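Visitor: Sharing a sequence plus its predicted fold:
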Amino acid sequence: MATRSEKLSLVSVIIPTYNRSKILRATLESVLAQTYPAIEVIVVDDGSTDDTAATVESYTGRVRYVKQANRGVEMARNKGIRVSSGDYLNFLDDDDLMMPTKIERQMEILDSQPQVGLVHCGYHYIDQDGNHMETTGRLPEGDVRKQLVWGCFPWSGGPLIRRECFDHIGEDEHRDWYGDWGMWLRIALAGYPFACVQEPLGYYRMVQGSMTDDKVADAERLVFSILDQVFANWQLPDDIVAEKNQIYGGWHFWISCRYYIGGYWDDAQRNLAATLTLRPELLEHPEDLLQLFYWDATSPRVRIYDPVKFINDIFDHLPPIAEPIHPYRSRLLSQVNIACAFQDYFAGHRRTVPQRVLAAVRHHPSLLKNRGVVSILLKSLPALMRQGS
């Protein structure tokens, strides 16, 4: 008698890894715990020098191990595709986690909707220690070309993809299509609709790392090379073409913030100036520009670990075109301090709350009229008095 797994299409989960043996085990366990039984797990070791091989060896018979010279995550993914046997593919970073029903829930959609190229899902953001940071809301599905040109919304480990998508688009025929965003764009632009399980089915780990100049410069080159190709070589809907300046401006803003985080002031100013040149309405309505800075400073997904310093660095190094927003500095610092106070409070980091609230009030005294702020300040007074004694 055939088993359930023999009747089901095979899913290949491809995990590129490099010197992450300590955390790789948890990732593997999350895949091996899937309720969908027809899964092959492939670890592509991108030239690790730690005990990755020994870690994977303990899963002999359940995990396939492939090693290559260090060539980067994209080449490791491509290697995984070539050695895989599944009709469906799922890439997973070596520090992320799947929830047990992820593959099963997504396969139900792929089996019932043959026109769909991939199914992504909601997910939780966790920090490097596994603590919850944020959970996604509703994510785009259907024809997602416009949303994807604006930005990359799927978690890298989220999409479960039909192999035919890769047969159609080819294997990264241009190096500037590397990366998650380029992969999802190529699939969407090839005409495949996306579907989404609108609930969290995985954990995206946000690991603190250095924001080096080379990394941001590479990201800048990659982003605008891809955008140039998209607008030059693909037949785009009129509503996307009409927003070309806004899209380019939005990406220049994102790049400028990455440069500000790293302390590369000239490049940060250059990109922020490009944003404001392409989107002059942000200077006509500075509240919108301040909101963009606020979102970037306070969202855990952008990996800013000192939001107040980030805002101060921006205002200390504004390009000349942005000089009109200088008077808004104190207000924005107040808003960011309040956001950080609430985040710390609900995360259980109560020791930092009093200073954040007091800093917010110093920047914007009218906050004392806000009942929520006053409530948190009153609750924090005992701790504040202890710290001052």
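Guide: Yep, that arrived. Residues are numbered from 1 along each chain as shown.
Visitor: Need the mean per-residue confidence for the helix ranked longest in the chain.
Guide: Of all segments of type helix in the chain, defined using DSSP state H, the longest is helix 213-233. The pLDDT scores in helix 213-233 average 88.
Visitor: Show me the contact partners of it.
Guide: The contact list for helix 213-233 (C-beta atoms under 8 Å, 6 or more residues apart in numbering) reads 149, 174, 176-179, 181-182, 185, 189, 236, 241, 244, 247-248, 251, 254-255, 258-259, 262, 264, 267, 271. In this view, the C-beta of every residue, glycine as well, is placed from N, C-alpha and C.
Visitor: So which of the residues you listed belong to helices?
Guide: Using DSSP H, the contacts of helix 213-233 in helices are 149, 181-182, 185, 189, 241, 244, 247-248, 251, 254-255, 258-259, 262, 267, 271.
Visitor: Just the buried subset of those, please.
Guide: 149, 181-182, 185, 189, 247-248, 251, 254-255, 258-259, 262, 267, 271 (16 or more other C-beta atoms under 10 Å).
Visitor: among these, which two are most distant?
Guide: 189 and 262 (31.1 Å; C-beta to C-beta).
Visitor: For residue 199, which residues are in contact?
Guide: By C-beta under 8 Å, 6+ apart, the contact set of residue 199 is 121-122.
Visitor: Double-check that residue 55 belongs to a helix.
Guide: Yes: judged by DSSP: H, G, I helix; E, B strand; the rest coil, residue 55 forms part of a helix.
Visitor: if we can go back for a sec, just the angle between the longest helix of the chain and helix 244-262, please?
Guide: Orientation check (axes from the mean of the first three to the mean of the last three C-alpha atoms, to 10 degrees): helix 213-233 against helix 244-262 gives 170 degrees.
Visitor: Any buried residues in helix 213-233, and which?
Guide: In helix 213-233, counting by 16+ other C-beta under 10 Å, buried: 216-217, 219-220, 222-224, 226-227, 229-230.
Visitor: May I see the buried residues of stretch 274-290?
Guide: 274-276, 278-279, 282-283, 289-290.
Visitor: Pull up the distance across that stretch, start to finish.
Guide: 16 Å (C-alpha to C-alpha, to the nearest Å).
Visitor: taking the mean pLDDT, what do you get for it?
Guide: Mean predicted confidence for stretch 274-290 is 96.
Visitor: Surely residue 138 touches residue 198?
Guide: Yes: if you go by C-beta atoms under 8 Å, residue 138 and residue 198 touch, sitting 5.8 Å apart.
Visitor: which of the two has more neighbours?
Guide: Counted by other C-beta atoms under 10 Å, residue 138 and residue 198 do not tie: residue 198 has more neighbours, with 14 against 8.
Visitor: list the contacts for the more buried one?
Guide: Taking C-beta under 8 Å, 6+ apart, one finds 121-122, 138-139 in contact with residue 198.
Visitor: Residue 344: which of those is nearest?
Guide: Nearest to residue 344 out of the contacts of residue 198 is residue 122 (C-beta to C-beta; 25.0 Å).
Visitor: Tell me which helix or strand the closest one sits in.
Guide: Element membership for residue 122, per DSSP states H and E: strand 118-127.
Visitor: Point out the other helices and strands that whatever helix or strand comes next after that strand packs with.
Guide: Under the assignment DSSP H and E, the closest C-terminal helix or strand after strand 118-127 is strand 132-135. Judged by 3 or more C-beta pairs under 8 Å, 6 or more residues apart in numbering; DSSP states H and E, strand 132-135 is in contact with strand 118-127.
Visitor: Could you give me the buried positions within the strand it packs on?
Guide: For strand 118-127, a neighbour-count test (16+ other C-beta under 10 Å) marks 118-126 as buried.
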